[in-house]
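S.K.: attaching a predicted model along with its sequence, questions to come.
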Amino acid sequence: MGPNRAHDGPMSDLRSPTETPLTVGMVMTPYPVVLGVDTPLDEVAERLAQNGITGAPVVDGDGFLVGVVSQTDLVRVAARLAAGQRSWSGFTARHVMTHEPITATASQPLVDAIRRLERYEIHRLVVVGDDGRTPIGIVSTSDLLPLLVDAADL
């Protein structure tokens with residue numbers, strides 16, 4: 001540990017081996033799977049499973065971010081519908097997505113993104129392009145695990 005790091009906490013100064021502060025772009029998963037607002041829920045579930053992911057950005061017809069849908073969202077709606085003995089036929093991503101998703105930019109310091117994940121108690125941030133509306137990546141808690149393991153080895 002360098003000087004003063006003991007006071008800052010383990011995540012306050014995440015740096016790569018070259019001592020450059022890590023950015024979101026350095027750890028994000030680029031080219032995220034995106035879902036349209038009118039994607040039927042059975043297709044949402046299938047695409048998440050096929051891609052081995054737990055959530056995805058939802059975009060409008062112009063490709064702009066309008067929400068995020070997760071496996072948890074699907075489980076919640078399935079439980080509600082099952083209680084009323086209804087199927088989710090006819091429901092789409094727009095019906096279950098989280099509106100106003102929390103985002104990050106590729107150039108944002110990673111420590112700021114981690115703080116956002118913690119503050120909003122979420123598992124992923126959609127990384128948006130320079131226009132602030134187009135998804136270009138995802139940074140999730142699973143992207144951070146290798147960094148935590150490396151930090152523990154210090």
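M.R.: It's in.

S.K.: all the strands of this structure, residue numbers only.
M.R.: 29-30, 35-36, 55-59, 65-70, 98-99, 103-105, 124-128, 135-140 (DSSP state E).

S.K.: tabulate these (TSV), appending mean pLDDT, mean neighbour count and distance to residue 20.
M.R.: For every residue, glycine as well, the C-beta is placed using N, CA and C. Output for these, formatted as TSV (pLDDT from 0 to 100; neighbours: other Cβ atoms under 10 Å; distance: least, Cβ to Cβ, whole Å):
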stretch	mean pLDDT	mean neighbour count	distance to residue 20
strand 29-30	96	12	19
strand 35-36	98	20	34
strand 55-59	97	25	28
strand 65-70	97	22	28
strand 98-99	94	12	33
strand 103-105	97	21	17
strand 124-128	97	25	18
strand 135-140	96	22	17
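
S.K.: out of those, flag the one nearest residue 79.
M.R.: strand 65-70 (14.2 Å; Cβ to Cβ).

S.K.: so what are the sheet partners of the closest one and their directions?
M.R.: Within its sheet, strand 65-70 is paired with strand 55-59 (antiparallel), strand 98-99 (antiparallel), according to DSSP bridges.

S.K.: how about those in JSON lines, adding distance to residue 130?
M.R.: Shown next, in JSON lines, are these (distance: least, Cβ to Cβ, whole Å):
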{"stretch": "strand 55-59", "distance to residue 130": "16"}
{"stretch": "strand 98-99", "distance to residue 130": "23"}
